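[1] quick one: sequence and predicted model below, then my questions.
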Amino acid sequence: MAATILIADDDAVQRRLVENMVQKCGYEPLVVDSGDAAIAALTASETQAIDAVVLDLVMPGLDGLGVLAKIREAGLNVPVIVQTAHGGIDNVVSAMRAGAQDFVVKPVGFERLQVSLRNALNASALKGELQRIRHSREGRLTFSDIITRSEAMAGVLRTAQKAASSTIPVLIEGESGVGKELFARAIHGSSERKARPFVAVNCGAIPDNLVESILFGHEKGAFTGATERHQGKFVEAHGGTLFLDEVGELPLATQVKLLRALQEGTVEAVGGRKPVKVDVRIISATNRKLLDLVKGGQFREDLFYRLHVLPLTIPALRQRREDIPHLLRHFLARFCAEENRNITGITGEAMAHLAQLDWPGNIRQLENTVYRAVVMSDGDQLGLADFPQGSAHPAPEGKSLQGEPLVVSPSTAPAMISGNDIPVAAPLPTAGGLPMLNAAGEVRPLEDLENEIIRFAISHYRGQMSEVARRLKIGRSTLYRKLDEAAAGTRTSDAS
């Protein structure tokens, strides 16, 4: 599924032109004719997810700056490219300060819009990955951190969101690597317990003789080696969520004690004399069918019904192949940043082949495959040869190995750029350099030269304010301040 671009413009001709260019870039356009309609599309839960916005700055009713303000108030992270027929410095400053990703002037050329959309989607993917990592470390993951556009996942997400508003026990089933713990963390991060601990326990990685001690705690001297008192995971998760991963691996003896803890809301430490009251929300997960384990006598039936109150089954990646391009974009942006690699995308042939694989390891396998390709690749684009796991499985007979290439950043600047695309209204310096003298033969003030250099940098880097600030070795706040001062000076001069 291609990225969705929202186009908001009150001019029907401009809407149609931009819509055609967005389609030509390989994206899916969504067109509205007002600022209010744009906000409605961005905030409606039933509409498709929007990856970027091309926003007209001047519209009747709610204008572009008003839309940017409402986007910020709603906490949306969608990148916005603003466009207007007026390309003065004041407009650049206002739009960038309001949160715009880029700024283009009507009528925007195809190459300019293509570069802006690529940069916006790339920056958004990287920002999303960094936010996801930060939220995971801080225990603040929500459902917005789950990357999916699949219809097969829509029902699962709706059920999980409803579960987050209560304390109902949830059992998450699915193959290894589909993201069961991610869902558990999202449920916790979207619940009233999000400020309390999220404690994860991998039941399959604990030795049988230590399971009770780790889950319920032990008193000092309760057994050989118990030199200190240990409170256990249930007590550690008090007030929050306890995630029991691979719960089907628990020994039968421990299952009895776990059932009592769930029924009574109390736990008794090994060697303890009295039970301890605990308030925990239980989310369990397994990559095996618990009902089959119950039938085979490996899992207690009464405990099964305690855990299987609200089951969630996460489909395998091969059942939601439309998510693969979006996952690839996010993983590629993240690993290129981590490994300091300038890889611009994935070829159409490789994309088509990756989308056809079954991925038995699911999202975890896909993530590791992209990681390896980024580290081992010698070029600036990933091709089929960079994915030996995929090359080992030929395409089905009769199927063409050609798909839409994934481009995360422009490999080169456009060969030509229209003068209308330069987001400033100031003359560029001559090829011989900046003139040091004015018309009277006097040395020009330093402030004038500085302003001219800034204008030239903005035009040269096509309105990318972060890049302008980096190249000029100043902060973005300093850059905006100098632009404000220049604009104020221009207005004063015009008034006089």
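    That came through fine.
[2] right, and residue 187 touches residue 166 too?
    No - applying C-beta atoms under 8 Å as the test, residue 187 and residue 166 come out as separate, 10.1 Å apart. (C-beta placed from N, C-alpha, C; glycine too.)
[3] give me the more crowded residue out of those two.
    A direct count of neighbours by other C-beta atoms under 10 Å for residue 187 and residue 166 places residue 187 higher, at 28 against 12.
[4] chain neighbours aside, what residue packs nearest to that one?
    Nearest residue to residue 187, sequence neighbours excluded (C-beta to C-beta, 6 or more residues apart in numbering): residue 164, at 4.7 Å.
[5] so which residues of the stretch 251-400 of the chain form helices?
    252-264, 290-295, 301-307, 324-339, 348-356, 362-376, 388-391 (DSSP state H, counting those that start in this stretch).
[6] regarding residue 196, what is its secondary structure?
    What DSSP: H, G, I helix; E, B strand; the rest coil gives for residue 196 is coil.
[7] what's around it, how many residues?
    Quick note: residue 196 (other C-beta under 10 Å) scores 18 neighbours.
[8] tell me the confidence at it?
    Reading off the confidence values, residue 196 has pLDDT 91.
[9] I'd like to know how many residues surround the closest residue to it other than its chain neighbours.
    In this structure, residue 196 finds its nearest non-sequential neighbour in residue 240, 3.4 Å apart by C-beta to C-beta, 6+ apart. If you count neighbours by other C-beta under 10 Å, residue 240 ends up with 20.
[10] dihedrals phi and psi, residue 240?
    phi -120, psi -140 (degrees, to the nearest 10).
[11] contacting residues for it?
    Going by C-beta atoms under 8 Å, 6 or more residues apart in numbering, residue 240 touches 188, 193, 196-199, 280-281.
[12] spit out the contact partners of the residue lying closest to residue 192 once chain neighbours are set aside.
    Spatial nearest neighbour of residue 192, excluding adjacent residues (C-beta to C-beta, 6+ apart): residue 165 at 8.0 Å. Each residue near residue 165 by C-beta under 8 Å, 6+ apart is listed here: 190-192.
[13] can you get me a residue count around residue 106?
    Neighbours around residue 106, by other C-beta under 10 Å: 19.
[14] tally of neighbours for the closest residue to it other than its chain neighbours?
    Of all residues not flanking residue 106 in the chain, residue 85 sits nearest, at 4.7 Å (C-beta to C-beta, 6+ apart). Other residues within reach of residue 85, judged by other C-beta under 10 Å, total 14.
[15] was I right about residue 85 contacting residue 105?
    Yes - using C-beta under 8 Å, residue 85 is in contact with residue 105, at 7.1 Å.
[16] for this structure, which helix is longest?
    helix 110-138 (DSSP state H).
[17] thought residue 262 was touching residue 309?
    No - in this structure, residue 262 is not within contact of residue 309 by C-beta under 8 Å, at 10.3 Å.
[18] which neighbours do those two have in common?
    residue 169.
[19] more neighbours, these two?
    Neighbours per residue, other C-beta under 10 Å: of residue 262 and residue 309, the larger number sits with residue 262, 15 against 12.
[20] and for that one, nearest residue in space, chain neighbours not counted?
    Nearest one to residue 262, counting by C-beta to C-beta, 6+ apart, is residue 306 at 5.1 Å.
[21] likewise for residue 484?
    Counting by C-beta to C-beta, 6+ apart, the residue nearest residue 484 is residue 93, at 6.2 Å.
[22] now swap in residue 101 and tell me
    residue 79 (4.0 Å).
[23] then residue 63?
    Using C-beta to C-beta, 6+ apart, the nearest residue to residue 63 is residue 35, at 6.0 Å.
[24] returning to that earlier point: how far away is the residue nearest to residue 262 from residue 161?
    As defined by C-beta to C-beta, to the nearest Å, residue 306 lies at a distance of 23 Å from residue 161.
[25] ok, the two, which is more surrounded?
    When neighbours are counted by other C-beta under 10 Å, residue 306 comes out ahead of the other of residue 306 and residue 161, with 18 against 15.
[26] residues touching the more buried one, list them.
    169, 259, 262-263 are the contacts of residue 306 under C-beta under 8 Å, 6+ apart.
[27] model confidence score at it, please.
    At residue 306, pLDDT is 94.
[28] any idea how far it is from residue 295?
    For residue 306, the distance to residue 295 - C-beta to C-beta - is 17 Å.
[29] what mean pLDDT would you report for stretch 309-321?
    For stretch 309-321, the per-residue pLDDT averages 94.
[30] got it, and stretch 143-150?
    pLDDT averaged over stretch 143-150 gives 86.
[31] what separates it from the chain centre, distance-wise?
    On the basis of C-alpha atoms, centre = their mean, to the nearest Å, stretch 143-150 sits 8 Å off its chain's mean C-alpha point.
[32] who's in contact with that stretch?
    Counting contacts by C-beta under 8 Å, 6+ apart, the residues touching stretch 143-150 from outside are 1, 48-49, 128, 131-132, 135-136, 153, 157, 160-161, 164, 179, 182-183, 186, 190, 315, 320, 322-323, 326-327, 330.
[33] out of the helices of the stretch 251-400 of the chain, nearest to residue 231?
    Residue 231 sits nearest to helix 252-264 of all the helices of the stretch 251-400 of the chain, at 13.9 Å, using C-beta to C-beta.
[34] how about that closest one: buried residues?
    254-255, 257-259, 261 (16 or more other C-beta atoms under 10 Å).
[35] and stretch 164-175, by the same measure?
    For stretch 164-175, by 16+ other C-beta under 10 Å, it's 164, 169-175.
[36] again with stretch 329-347
    Buried-residue list, stretch 329-347, by 16+ other C-beta under 10 Å: 329-336, 343-347.
[37] could you dump the contacts of residue 306 to CSV with pLDDT?
    Formatted as CSV, those follow (pLDDT from 0 to 100):
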residue, pLDDT
169, 94
259, 92
262, 92
263, 91
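[38] skip the chain neighbours and tell me the closest residue to residue 70.
    Residue 70's closest residue in space is residue 39 (C-beta to C-beta, 6+ apart), at 5.2 Å.
[39] buried residues in the host helix or strand of the one you found?
    Taking DSSP states H and E as the criterion, residue 39 maps to helix 35-43. For helix 35-43, the neighbour count (16+ other C-beta under 10 Å) marks 35-39, 41-42 as buried.
[40] swap in stretch 104-116?
    For stretch 104-116, by 16+ other C-beta under 10 Å, it's 104-106, 108-109, 111-116.
[41] rewinding a little: is it possible to get a markdown table of the buried residues of stretch 329-347 that adds distance to residue 275?
    Shown next, in a markdown table, are the buried residues of stretch 329-347 (distance: C-beta to C-beta, whole Å):
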| residue | distance to residue 275 |
| --- | --- |
| 329 | 51 |
| 330 | 46 |
| 331 | 46 |
| 332 | 51 |
| 333 | 50 |
| 334 | 46 |
| 335 | 48 |
| 336 | 53 |
| 343 | 57 |
| 344 | 60 |
| 345 | 59 |
| 346 | 56 |
| 347 | 62 |
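[42] pick out the most distant pair among the residues you listed.
    So, the buried residues of stretch 329-347 by C-beta to C-beta: farthest apart are 334 and 347, at 19.7 Å.
[43] before we move on, which element is the nearest residue to residue 454 once chain neighbours are set aside in?
    Among residues not flanking residue 454 along the chain, residue 482 sits closest, at 6.0 Å (C-beta to C-beta, 6+ apart). Using DSSP H and E, residue 482 falls within helix 476-495.
[44] mean confidence for that helix?
    On average, helix 476-495 scores 66.
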